[in-house]
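Asker: sequence unknown, structure follows:
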């Protein structure tokens, strides 16, 4: 029994280029023992930056020392052409620079970086500290869900013994990666897949095609339910120590963000409503008071005029 490394995890459950994974993991490993472990000189070489001076200026202009990078000063004898100050980045800043760079190398790996971050987030949150005995070479295979059409919420479900090879078959271009939503290791993968397809039949988008127009949470529930029919899978799923046999689930991170945004929007709307209602009530009360005072003054003046006229007419009559 051993822990699965990030490198092995990515090579097993993604179709990302092995060369790219090895290159990325080299930088990832630099930050394992120290936060700021990536030498900017290595980044310049990796991204094939031509104007080094401009690159350094952009780092100091766009990023914050002590947050995104640190500086180290060379001590002792200086060699010709050697920089007196060296800059070191953390892994997050390195990723940002790679995504924002416009070099030919950066453009060629940008799609990989976007997909990679999803898998790394899941790995750090769910798998990195767990011991997985069979995840590298699980004998019975796995069930997966892939987004087939994001605009129409259409998903494809399938089974495989070799996730990496299967994902490569789905790749639509040299540097693109299938939008994987869920991977779960299972016993009896064929039976589980057939069970899920029977339950999902009413959501089938086209006949004779294994694609479904359905909420992904419904599809995942079907997988859990079908897997639990088989005792081996039930043990794996219910054992809290090995629930990482769900080796990837992209929606977990998205749900957290959605909940946060909902809470924020509710609070904001409440505050806005309160402010609006206060302003409205103030304006309304002002208008009401003005109208009331006008009406009152009109009535008062009318009464006064009537009384005055009556008195005047009485006096005039008496005199006459």
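Answerer: Here it is on my side, so go on. Note that the structure is predicted; figures quoted are calculated from it, not measured. Numbers count the residues shown, from 1 in each chain.
Asker: so where's the stretch 1-150 of the chain uncertain?
Answerer: Low-confidence segments of the stretch 1-150 of the chain, defined by pLDDT under 70: 1-3, 76-83, 127-140, 150.
Asker: and if we set it to 50?
Answerer: The model of the stretch 1-150 of the chain has pLDDT under 50 over residues 1, 131-137, 139.
Asker: need the helices for it, in chain order.
Answerer: With DSSP state H, counting those that start in this stretch as the criterion, the stretch 1-150 of the chain has helices at 6-13, 18-30, 40-47, 52-62, 91-100, 104-122.
Asker: What helices and strands are in contact with the last one?
Answerer: This means helix 104-122. The contact analysis (3 or more C-beta pairs under 8 Å, 6 or more residues apart in numbering; DSSP states H and E) places helix 104-122 against helix 6-13, helix 18-30, helix 40-47, helix 91-100, strand 246-249, helix 251-319. Quick note: C-beta positions are derived from backbone N, CA and C, even for glycine.
Asker: same thing with the first one?
Answerer: Counting contacts by 3+ C-beta pairs under 8 Å, 6+ apart, helix 6-13 packs against helix 18-30, helix 104-122, helix 163-170, strand 246-249.
Asker: Which one, of the ones you listed, ends up nearest to residue 217?
Answerer: Among these, strand 246-249 comes nearest to residue 217, with 10.7 Å by C-beta to C-beta.
Asker: So for residue 240, what's the pLDDT?
Answerer: pLDDT, residue 240: 42.
Asker: wouldn't residue 160 be in contact with residue 170 here?
Answerer: No - under the criterion of C-beta atoms under 8 Å, residue 160 makes no contact with residue 170, lying 10.6 Å away.
Asker: Provide a list of residues in contact with residue 39.
Answerer: 30, 86, 87, 88 (C-beta atoms under 8 Å, 6 or more residues apart in numbering).
Asker: With residue 218 as the reference, measure out to the first one.
Answerer: Counting by C-beta to C-beta, to the nearest Å, the separation of residue 30 from residue 218 is 42 Å.
Asker: and the two? which has more neighbours close in?
Answerer: residue 30 (19 against 13; other C-beta atoms under 10 Å).
Asker: so how far is residue 20 from the more buried one?
Answerer: From residue 30 to residue 20 the distance is 16 Å (C-beta to C-beta).
Asker: Kindly report the same for residue 45.
Answerer: Residue 45 is 16 Å from residue 20, by C-beta to C-beta.
Asker: Of the two, which one has the most company?
Answerer: Each of residue 45 and residue 20 has its neighbours counted (other C-beta under 10 Å); residue 20 has more, 17 against 11.
Asker: Quick check: nearest residue in space to that one, chain neighbours excluded?
Answerer: residue 112 (5.1 Å; C-beta to C-beta, 6 or more residues apart in numbering).
Asker: Quick one: closest of the helices of the stretch 1-150 of the chain to residue 145.
Answerer: helix 6-13 (13.0 Å).
Asker: In that closest one, which residues are buried?
Answerer: Of all the residues in helix 6-13, those buried under the rule 16 or more other C-beta atoms under 10 Å are 6, 7, 9, 10, 11, 12, 13.
Asker: Just give me the neighbour total for the residue lying closest to the second one once chain neighbours are set aside.
Answerer: Spatial nearest neighbour of residue 7, chain neighbours left out: residue 25 (4.6 Å); criterion: C-beta to C-beta, 6+ apart. Applying other C-beta under 10 Å, we find 16 other residues in the vicinity of residue 25.
Asker: residue contacts, residue 25?
Answerer: Contact analysis of residue 25 by C-beta under 8 Å, 6+ apart lists 6, 7, 10.
Asker: ok, so of these, who is nearest residue 117?
Answerer: residue 10 (11.4 Å).
Asker: Tell me the spacing between that closest one and residue 107.
Answerer: 21 Å.
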